[in-house]
Structure formats: C-alpha cells, structure tokens
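Chemist: coordinates only, sequence not included:
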C-alpha cells in the first residue's frame, strides 16, 4: 500500500447551496462561473447550485435536509406527489453528477458548506478515499491563514447521506464561523482559497505529480451531546459555556465547563475526554446536538499518483 | 427644562421574540418568568412572547416583519382573511400592552432584539422620551463588559413602527453579534445584565431618586448603504470589507474600504464621513441595507424624578 495509482480526475464538480442559508458557497459558485471557464486545464469543471428553492428562501431546506438525501435508498425511491422537494431534487442531482456508485459519476465532488461554529476550514471525507485524504494533506500544507482540519466518516459510501458521496471521490469543504444568511468576506475568502488550492491539487495530480505518503491527523465523529433541556417541554435550559464556545477541536475533559444555565450556573462535561466540534451550530438545535465529539487518530497515507495507461 | 417630574412607572413589560430567530430575548423571557415573580417591587412586571408563530418556526417573521406593524395606521386597520398574521398579532399585542398613545398603555416597554452585527449593547429610543434616555445613561454608566450606545429615532411616536412605541415610554435593547437561530452565552448574559440594570433603574426612579441631567452621546440614523449588486439580477457582487466588518460605530470616511468584490477587489466608501452600524445584519439583506449610517450628536438631558402627588 505504499504507492497507489488512480485514473486522472477528468470531471470535477464544485457544488454550493446544498443548504440554502450557507452563503459562502452560494456566492463562490457565482465567482467560479465568471472566473474559471476561461482557464485551460486537464479537467472539466462544472458548478452546481444544489438546492435553488432553499437558496431563494434563504433557508437550510424547504421540506427535508438535502444533505441527508443521498443514500442509495432515497436516491432510488419512487417519487409521488408527497415526496419532499429535496428528495426529488437529490435524484435530479444524482442524474447530473452520478449515478452514485457508477462509472458515469463525476470523478470528484467538492461540496461547499458553512457552519456557525468556529471550525476554520474542515475537509470532511471518507476513510477509504485516498485522493480526498491527499487533497486534505495538500490544503493543510498550503493554507496558513486559518486552521485546516480533517473530519473522517467511517461508514461505507452507499450509506453516506451527503452529496459528496455521489462522486467517485468527494469531500465537503466546511468553513466557519459565519451566521446563517450572512456573507462574511473572511469566511468567503477562506473558502475560495480552499477551492482554488483543491483545483490546483487536481491539476498537479493529473499532470503526473507523485504525492508522497505520510501521516495526517483525523477527527473521527464518535458521539454527540445535546443541550440541557426541560424534561417536560424539551426547551433549552442552558447555552454553551463561554469557555467552550468558539473552542472547537480543543480537548474537552470530564469536569470542564460545557454549558451555562439561563440563570448563570455552570454545568460541567461528564464523559470521556474527546474533541468537540460543530459547537453551537445553528442548524443542529433541531437535531438535538449542542456539539459533536471526536476521537483524534493518526492515519498513514500511501503515496498516490496517476496510473499510467497500460 | 432643568428638572422634569414624571408619574411612577407602575407597569413594565419586557418583550421578546418580536423576531422569532433572535434567541437571547426568547430565552431571557423564560428566565425572567422563573426568577422575577418572587421579587417585591414598586412596579408590576409582565413578560410577553410577541411572535410565537415565528419563534416556533425559528424565523424572523412568517408573513410580515412584526416590528414594522406598530404604526397607528396598521394597528387600527380592519382585518380580513388575507391580513398577514403579524398585523393581526400586533393588534392583539396592542390590546394587551396599549392601546398605543392611550392612558391605558403600560408605562414602559423593553423589547429585546439581537443583531448579527458587532454592536455590543444598544438602546434604541426616541428623542422625546427623557426616561428612555435616562435609562440609557444609567446602563452606560453601570455596564462595563461591553460598549453601550444610544441610537435615537426622531420620528413622532404615532409614526414609529416598532413595538416599544406602544408603551408610554419604551426602548429596544439590541445586542450583538449573535447569529440568527443561535443562543450565545456571552450575548445572552449581556442582554440579561441590560434588563436587570433597567429594572434596577425603574425601581430607583419609582422610589424617588433624582437622576441628575447631563450629556449623552447619540447616534442618529441618517442614511443606509446597500451592497453592490448586479444591475440585471440584483444579486450581490461584493461583501462587506474585512476592515469594516465588526467595526460598527467607527467613523467611516470617504475612501475607506467598504466592500470587497467576490473576486477580491476593494470598493471604497463614497460619501460623507459618518458612523456605520448594523454592519452586515443578516435580516437587512432583503431590505437592501448593507449598513446604516449615523451622525453623532450630544444631547443635554434634564434631571428627572418622580413627580410628587399634588
């Protein structure tokens, strides 16, 4: 496993607006449409506004979270008059960029997301996708204006519900903090740098560069923690503690402050020492998630390059 | 005008959820309902969740911005089946806390709001409301954890469209930055401190304290500036410049960077030197407002106290 060869990445898709109120991706697509077509490259680049109805409404989704719709089961489900818009649209998108798991699928999908959490720039990808992992390694080396981290999904592609799983390779580019419905230049610029570096890597890969193997540090999602709630009404009774707020990826140990009640009492974390992320993400209130918790793991990557034609 | 007497403030209402995705107020109401009823005071305190339907949906409003519905005209308009929910609800609220402009109206309304802009704690009130202005003066003296500023409305009460105009006296407590749909402990705590200090001032006023006159600095809304947009599609072509972002209330001079285009070019401010505020407020994108602009003015307040019964 010390050197793996892959086919060139001939078709690349950059997607935004999968969540309609995550503005950096929505606007970066417009910029890519203007700036990128003139460039001559080793691959075709397409851009796709994934959920235009949610973008128009400036909401995460209209009927169902679109980034939960890309499982094999939902993509092949028969549609009826009551099928949520997002399921229908996911099947449409799967027709354009996939079908998921097939030879016809685009080679690489980069799906653009924002979070209200202070997560800097994160690549979210799959443990078996060596190219996605090498892309992360490259971005981490090249981007110095903000922390670049790797969040790793361990489930098989067919069960993964997010858009990037439709491509042969894929990753989510998650950048924050940015409020929903707001475009911040600092966050937008960081996302733009991430996309430009990713396209640079693809170009370099296609042109025959051998990317040496090595170690990368990954955060593996192992748990979630909900806000304290009133047992009767299910309403929040506490907020994230100021000591945890904005401190994503800092080790949270048992006894550390995690929440502060509405009247001001500190509530400490109980559980294993782990790394919190998506801390106080706005969209996760309804999913009963105050933050996610990760283990940190070191991965050993093989060297990769384009496989020479036989 | 060096000393004015007023009736005691016997009925005070603290309101939240006028905008359903401004979370500090929504949660502070819950806390006040638990912590405040036991206290014995010189005034009755009521709390009101203003737009429960928008709170449930976690949106600013469902059909019409509620904080634009409290004009005399809308409050007295006949309602039909097509009247927006918020107009009907505003009339209901006016019945409970007003009627606006009448002797039956509550003595003081404090309406709780959040902004995505970095505005610290702002009191928004009316030029003719000496008690609101004294309340601001008190909060500015007492609160040291964040800047406390005064935004002044110059229009007459009957034309004012916001909720606080329903009371005999009233003010908006605007606190930020906080993303829509997110509860941040730092912003919540600042709002809580603001409300507690305001109630402390009312208590002190009712008990006969003479509040000496003096100068306060006010920001008077004189202009708004929209984002650069594509003339055909009306879509944004630039974001707030990082040098202006988060710098509300810092003097903006002609030639200062105001926006940065999606491709990275700086766009400078043209116009009179003024103080920007509500910089990149999420709810104002649809109102074509990138930021508001204020003149700074020094106001001379008279001393105030409770008028002794004749």
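Modeler: Thanks, I have it. A quick note: this is a predicted structure, and the numbers were derived from the prediction, not measured. Numbering: from 1, shown residues only, chains lettered A, B, ... in the order given.

Chemist: closest point of the stretch 51-200 of chain A to chain B, which residue?
Modeler: residue A:179 (3.3 Å; C-beta to the nearest C-beta). Glycine gets a C-beta too; all of them are placed from N, C-alpha and C.

Chemist: So the nearest residue to that residue once chain neighbours are set aside: helix, strand or coil?
Modeler: Spatial nearest neighbour of residue A:179, excluding adjacent residues (C-beta to C-beta, 6 or more residues apart in numbering or on different chains): residue B:179 at 3.3 Å. Per DSSP: H, G, I helix; E, B strand; the rest coil, the local secondary structure of residue B:179 is coil.

Chemist: In contact with residue B:179, which residues?
Modeler: Neighbouring residues of residue B:179 by C-beta atoms under 8 Å, 6 or more residues apart in numbering or on different chains: A:116, A:177, A:178, A:179, A:180, A:182, A:282, B:116, B:282.

Chemist: any idea which helix or strand comes after the strand or helix carrying residue A:186?
Modeler: Element membership of residue A:186, judged by DSSP states H and E, is helix A:185-206. Once the chain leaves helix A:185-206, the next helix or strand it forms, by DSSP H and E, is strand A:214-225.

Chemist: Neighbouring strands - and their directions - for that next one?
Modeler: strand A:148-153 (parallel), strand A:291-301 (antiparallel) (DSSP bridges).

Chemist: List the buried residues for that strand?
Modeler: Neighbour counts using 16 or more other C-beta atoms under 10 Å in any protein chain shown place A:216, A:218, A:219, A:220, A:221, A:225 of strand A:214-225 among the buried residues.

Chemist: Export these as JSON lines, with columns for distance to residue B:145.
Modeler: Listed next are the buried residues of strand A:214-225 as JSON lines, based on distance: C-beta to C-beta, whole Å:
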{"residue": "A:216", "distance to residue B:145": "41"}
{"residue": "A:218", "distance to residue B:145": "39"}
{"residue": "A:219", "distance to residue B:145": "33"}
{"residue": "A:220", "distance to residue B:145": "38"}
{"residue": "A:221", "distance to residue B:145": "35"}
{"residue": "A:225", "distance to residue B:145": "28"}
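
Chemist: in the stretch 1-150 of chain A, what residue is nearest chain B?
Modeler: residue A:31 (4.1 Å).

Chemist: That residue looks like it's in a helix, true?
Modeler: Yes: assessed by three-state DSSP, residue A:31 belongs to a helix.

Chemist: contacting residues for it?
Modeler: A:192, B:262, B:263.

Chemist: What parts of the stretch 51-200 of chain A come near chain B?
Modeler: Within the stretch 51-200 of chain A, the positions adjacent to chain B are A:58-59, A:116, A:177-186, A:188-189 by C-beta under 8 Å from any C-beta of the partner chain.

Chemist: residues in contact with the residue lying closest to residue A:226 once chain neighbours are set aside?
Modeler: Nearest non-adjacent residue to residue A:226, counting by C-beta to C-beta, 6+ apart: residue A:288, 4.4 Å away. Neighbouring residues of residue A:288 by C-beta under 8 Å, 6+ apart: A:224, A:226, A:227.

Chemist: Would you list the phi and psi of residue A:288?
Modeler: When read as degrees, to the nearest 10, the backbone of residue A:288 gives phi 60, psi 40.

Chemist: What residue spans form the domains of chain A?
Modeler: A:3-217+A:299-306, A:223-291 (automatic domain parsing).

Chemist: what stretches of the stretch 51-200 of chain A score poorly on pLDDT?
Modeler: Scanning the stretch 51-200 of chain A for pLDDT under 70 picks out the ranges A:157-158.

Chemist: Show me the beta-bridge partners of residue A:296.
Modeler: residue A:219.

Chemist: That one: neighbour count?
Modeler: 14 (other C-beta atoms under 10 Å in any protein chain shown).

Chemist: show me the contacts for it.
Modeler: Going by C-beta under 8 Å, 6+ apart, residue A:296 touches A:217, A:218, A:219, A:220, A:275.

Chemist: Recalculate using a threshold of 7 Å.
Modeler: A:217, A:219, A:275 (C-beta atoms under 7 Å, 6 or more residues apart in numbering or on different chains).

Chemist: Show the pLDDT at it.
Modeler: pLDDT for residue A:296: 98.

Chemist: where do the strands sit along the stretch 51-200 of chain A?
Modeler: A:108-114, A:120-126, A:148-153, A:169-176 (DSSP state E, counting those that start in this stretch).

Chemist: Tell me which residues are up against stretch A:197-205.
Modeler: By C-beta under 7 Å, 6+ apart, stretch A:197-205 touches A:9, A:12, A:41-43, A:108, A:110, A:135, A:138-139, A:142-143, A:211, A:306.

Chemist: hmm, 10 Å instead?
Modeler: Stretch A:197-205 has contacts (C-beta atoms under 10 Å, 6 or more residues apart in numbering or on different chains) with A:6, A:8-10, A:12, A:14, A:32, A:36, A:39, A:41-43, A:45, A:107-108, A:110, A:121, A:123, A:131-132, A:134-143, A:148, A:169, A:171, A:173, A:209, A:211, A:304-306.
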